[in-house]
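**Student:** Dropping a prediction and its sequence here:
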Amino acid sequence: MTRLPGLKRILRIERDRAGVERAVDDELQFHFDMTMRELMSSGLPAEEARAEATRRFGDVQRTRERLATIDRSRLGRERRNEWWNAFAQDLRYAIRGLRLKPSFAIAVILTLGLGIGANATMFGIVDRLLFRPPTFLTAPDRAARLYFLRTFRGKEDVQSYTGYRRYLDLKEMTTSFDAMTPFYSNDVAVGSGETTKEMKVGFGAADLWKMFAVRPVIGRFFTASEDVPPNKRSSADAKMLWAHSSTSARPSTRSSASHPRASTPSRPIRSLHSSQRVRRRQPWAHQEIPGTAPTT
Amino acid sequence: MAAVDLDLLQGTLDLLILKTLNWGPRHGYAVASWIRETTDQRLQIEEGALYTALHRMEKRGWLESEWGLSENNRRAKYYQLTSAGRKQLRAKTAVWTDYAAAVFKVLQTS
């Protein structure tokens, strides 16, 4: 009997749905032809041979469908097995390769690790900043940042920063907002003399605290009455500076003698706009910011 | 002797096919003729059932198939036993022999 090993690989015609049916048909056709040949060689006329072959076989159509169903299910399983085998082989190959070159393996692992880590971090940040409302914000659906649109020489220009004066106008002349605060943060020098430190300082008005469901860990928040410097003349230029850092919570050496409220761990301190003339005796100037105020 | 209706003997067809293929790879037609000749045409096997059994056993992993060229140079599907198929043949042969012996013993009591 002639058998060609590996022929299946060349004649992979039964891989798809149509291929399965074609293969079944080919197989049954071969069977019928052989049966006919045998019967006719024994002297039966073609018509009778055909009838006998059909009788021997039974219900051709039903068998044909049944065979195709069995084969499709077998091929599906074979294909899944093949996929897994290929996957396992790739995996083994990769592991072998990595074992042969440990330094390369470490580089790959580090690269992947860093990549995945960076992605996870970025996702965390994006998720936190863009997809979820900020924590503690009481009404995220109503909180908004105001931008100003300026048309200059026919060109529109969105400005994300605006003057303090404009904020005061909005605050005094509008009724649409429950709370409103300007905000700004910067690294500024805090303290005087040798105790001066550069600190990240946030600027905001007392309304800021209304927008968040938070309570200070130590001390208290500054109030609206403390928003405005007693010296009205300078209100336009004054900004509120809230210091809630460990530096101000520490027993203060620089101002405890000069100011009674220095013992309060956290307190509002007022900074001055650089155009403001500062005099040490000004009662609301708890902390002077060296460098921001010209010496007089 | 009258032809035996093979439907009555469950699993017998599988056993016959496995035994036939134990001699080497064959296509479906060869399996059918071999069984017919060996049993002196006493077993009337519906060939549709034979092919169904072949494909089912291939799916179970007892057989594997390969397209090859037949004696008269035609493309034919050849079946051969896998090691699982050989194991099945041994097991089924043992069961069938026991079964037949038991039935025969009963029939011989007079």
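**Tutor:** Nice, I can see it. Residues are numbered from 1 along each chain as shown, chains lettered A, B, ... in the order given.
**Student:** Which single residue of chain B approaches chain A most closely?
**Tutor:** B:G48 (3.6 Å; CB to the nearest CB). (Each C-beta comes from the backbone N, C-alpha and C, glycine too.)
**Student:** Secondary structure element holding that residue?
**Tutor:** Taking DSSP states H and E as the criterion, B:G48 maps to helix B:47-60.
**Student:** and whichever helix or strand comes after that helix, what does it pack onto?
**Tutor:** Following helix B:47-60 in sequence order, the next helix or strand is strand B:63-69 (DSSP H and E). Secondary-structure packing of strand B:63-69 (3 or more CB pairs under 8 Å, 6 or more residues apart in numbering or on different chains; DSSP states H and E): helix A:7-10, helix B:47-60, strand B:75-81.
**Student:** Please point out which parts of the second one sit buried.
**Tutor:** Of all the residues in helix B:47-60, those buried under the rule 16 or more other CB atoms under 10 Å in any protein chain shown are B:47-59.
**Student:** Distance check, the closest residue to A:F183 other than its chain neighbours against A:F32.
**Tutor:** Leaving aside its sequence neighbours, A:F183 sits nearest to A:G204 (CB to CB, 6 or more residues apart in numbering or on different chains; 4.8 Å). Distance, A:G204 to A:F32, by CB to CB, to the nearest Å: 92 Å.
**Student:** returning to what we had before: how about the residue nearest to A:F183, phi and psi?
**Tutor:** phi -170, psi 170 (degrees, to the nearest 10).
**Student:** In the chain, where is pLDDT below threshold?
**Tutor:** The chain I'm using is chain A. Within chain A, the ranges that satisfy pLDDT under 70 run A:1-16, A:228-296.
**Student:** other chain: chain B
**Tutor:** Ranges of chain B meeting pLDDT under 70: B:1-10.
**Student:** Which helix in it has the most residues?
**Tutor:** helix B:83-108 (DSSP state H).
**Student:** how about it, does it reach chain A?
**Tutor:** No. Applying CB under 8 Å from any CB of the partner chain, one finds helix B:83-108 out of contact with chain A, separated by at least 14.0 Å.
**Student:** residue nearest the centroid of the chain?
**Tutor:** Defaulting to chain A. A:F123 (2.3 Å; CA atoms, centre = their mean).
**Student:** Correction: the question concerned chain B.
**Tutor:** B:I17 (1.7 Å).
**Student:** what helix or strand does it sit in?
**Tutor:** helix B:12-21.
**Student:** neighbouring contacts of that helix?
**Tutor:** B:6, B:26, B:31, B:34-35, B:38, B:43, B:45, B:49-50, B:53-54, B:57, B:62-63, B:79-81, B:85, B:88-89, B:92-93, B:96 (CB atoms under 8 Å, 6 or more residues apart in numbering or on different chains).
**Student:** Could I get the CA-only coordinates of it as PDB?
**Tutor:** What follows is helix B:12-21 as a C-alpha-only set of coordinates in PDB (Å, rounded to 0.1, in the frame of the first residue of the first chain):
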ATOM      1  CA  THR B  12     -18.600  -4.100  18.600                       C
ATOM      2  CA  LEU B  13     -18.100  -2.100  15.400                       C
ATOM      3  CA  ASP B  14     -15.400   0.000  17.200                       C
ATOM      4  CA  LEU B  15     -13.600  -3.100  18.200                       C
ATOM      5  CA  LEU B  16     -13.700  -4.600  14.700                       C
ATOM      6  CA  ILE B  17     -12.300  -1.400  13.200                       C
ATOM      7  CA  LEU B  18      -9.500  -1.200  15.800                       C
ATOM      8  CA  LYS B  19      -8.600  -4.800  15.200                       C
ATOM      9  CA  THR B  20      -8.600  -4.300  11.500                       C
ATOM     10  CA  LEU B  21      -6.300  -1.300  11.700                       C
END
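**Student:** A:F203 is in contact with A:S185, isn't it?
**Tutor:** Yes. At 6.7 Å, A:F203 counts as touching A:S185 under the criterion of CB atoms under 8 Å.
**Student:** Settle it for me: which of these two has more neighbours?
**Tutor:** Neighbours per residue (other CB atoms under 10 Å in any protein chain shown) separate A:F203 from A:S185, with A:F203 holding more: 18 against 10.
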